[in-house]
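Visitor: Below are the sequence and a predicted model; questions follow.
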Amino acid sequence: MDDERLARRELRTLLTEAHAQEVHIVGEAATIEEAARLIAATDADLIFLDITLGRESGFELIPLIGADVDIVFVTAHDVHALRAFEVNALDYLLKPVDPERLARTVGRLIPAERAETGDLRPLDHGDRLFLRLDGTRIFVRVSDILAIGADGDSSLLYLAGRPKAAGNARSLKEWEVRLPDRFFLRIHRSTIINLDHVERVEEWSHGSYLVYMRGLPEPLPMSRRYAARARSLLG
């Protein structure tokens, strides 16, 4: 949503020429009121939003849209970058928009369901993800993921500095495909752990073990099936 017709046309051209498969454009708006109506009418799930809309601020649109609508700010000024991320914007692009930078942004929009087919790149330990956890979008560093547990077709993430696990729509299999296997290990059919946060491992019973993680109050069981690989990695 942008009040500059030329800027909107340039962004539309970049998106339609290079990212038509990932992004379907449903409309444009030049004011907060127009944008709110358009989003409600089209059920849009992503907006490219300028911070300056005439005498209005793009931030004024945020209370008028659902929490499940992703926002990418596109602006000529970088002074609002911190506030943009404070409101959980997916990304922040500067005008004129660089095609390679836009491609990286669009790459983050590909649905998680495609991860199992290998269409998403593997994650690095230092990557920062913009995840929906328990209905709220937050930034999460891969290195801060302590463990991931299965929750039906979804998952529960245990994060450093957070007292409780948070739900995410991705399945455990999808996480296993993308996480760097130098650091993340499946220890049970329903559990993946981050080896960097392992405190100790103790024998339990019948060839199974208990894995104590820094930051988690209770140990996680490691089944006999996964113990052999774990021993080779943990030493």
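Guide: Sure, I can see it. The shown structure was predicted, so the numbers you read here are calculated from the model rather than taken from an experiment.
Visitor: Got the phi and psi for the residue lying closest to Asp127 once chain neighbours are set aside?
Guide: Spatial nearest neighbour of Asp127, excluding adjacent residues (CB to CB, 6 or more residues apart in numbering): Val142 at 4.8 Å. For glycine as for every other residue, the C-beta is placed from the backbone atoms N, C-alpha and C. Val142 adopts backbone torsions of phi -60, psi -40, taken as degrees, to the nearest 10.
Visitor: After the worst-scoring helix or strand of the chain on mean pLDDT, heading C-terminal, what element do we hit next?
Guide: Within the chain, no helix or strand scores below helix 81-86, which has a mean of 56 by mean pLDDT, DSSP states H and E. Moving toward the C-terminus from helix 81-86, the next helix or strand (DSSP states H and E) is strand 91-94.
Visitor: quick revisit: distance of the residue nearest to Asp127 from Leu157?
Guide: Shown here: Val142 relative to Leu157, a distance of 11 Å by CB to CB, to the nearest Å.
Visitor: Between the two, point out the one with more neighbours.
Guide: Neighbours per residue, other CB atoms under 10 Å: of Val142 and Leu157, the larger number sits with Leu157, 23 against 18.
Visitor: Look up how far Ile39 lies from the residue located most distally from the centre of the chain.
Guide: Most distant from the centre of the chain: His206, at 38.4 Å, with distances by CA atoms, centre = their mean. Relative to Ile39, His206 is positioned 55 Å away (criterion: CB to CB).
Visitor: In a strand, Gly66, correct?
Guide: No - Gly66 is assigned coil when assessed by DSSP: H, G, I helix; E, B strand; the rest coil, not a strand.
Visitor: who's in contact with the longest helix along the chain?
Guide: Longest helix of the chain, by residue count under DSSP state H: helix 5-18. The contact list for helix 5-18 (CB atoms under 8 Å, 6 or more residues apart in numbering) reads 2, 23, 25, 28, 30, 48, 50, 74, 95-97, 99, 102-103, 106.
Visitor: Give me the domain ranges for this protein.
Guide: 5-107, 120-234 (automatic domain parsing).
Visitor: Quickly, which of those bottoms out on average pLDDT?
Guide: Within the domains of the chain, the stretch with the lowest mean pLDDT is domain 5-107, showing a mean of 82.
Visitor: For Leu131, grab the count of nearby residues.
Guide: 18.
Visitor: Show me how far the host helix or strand of Ala40 is from its chain's centre.
Guide: In the assignment (DSSP H and E), Ala40 maps to helix 32-42. For helix 32-42, the gap between its own C-alpha mean and the chain's C-alpha mean amounts to 25 Å (CA atoms, centre = their mean, to the nearest Å).
Visitor: burial measure for the residue lying closest to Arg224 once chain neighbours are set aside, as a count.
Guide: Distances taken as CB to CB, 6+ apart put Gly207 closest to Arg224, at 3.8 Å, once the chain neighbours are dropped. Number of residues near Gly207 (other CB under 10 Å) recorded here: 12.
Visitor: Need phi/psi at Gly207.
Guide: With angles defined as degrees, to the nearest 10, Gly207 sits at phi 80, psi 10.
Visitor: next one: the one 5 residues further on
Guide: Backbone torsions for Tyr212, taken as degrees, to the nearest 10, come to phi -100, psi 130.
Visitor: Tell me what it is bridged to.
Guide: When assigned by DSSP bridges, Tyr212 has beta-bridge partners Arg200.
Visitor: My guess is Thr42 contacts Ile25. True?
Guide: No - contact criterion CB atoms under 8 Å: Thr42 and Ile25 do not qualify, at 10.0 Å.
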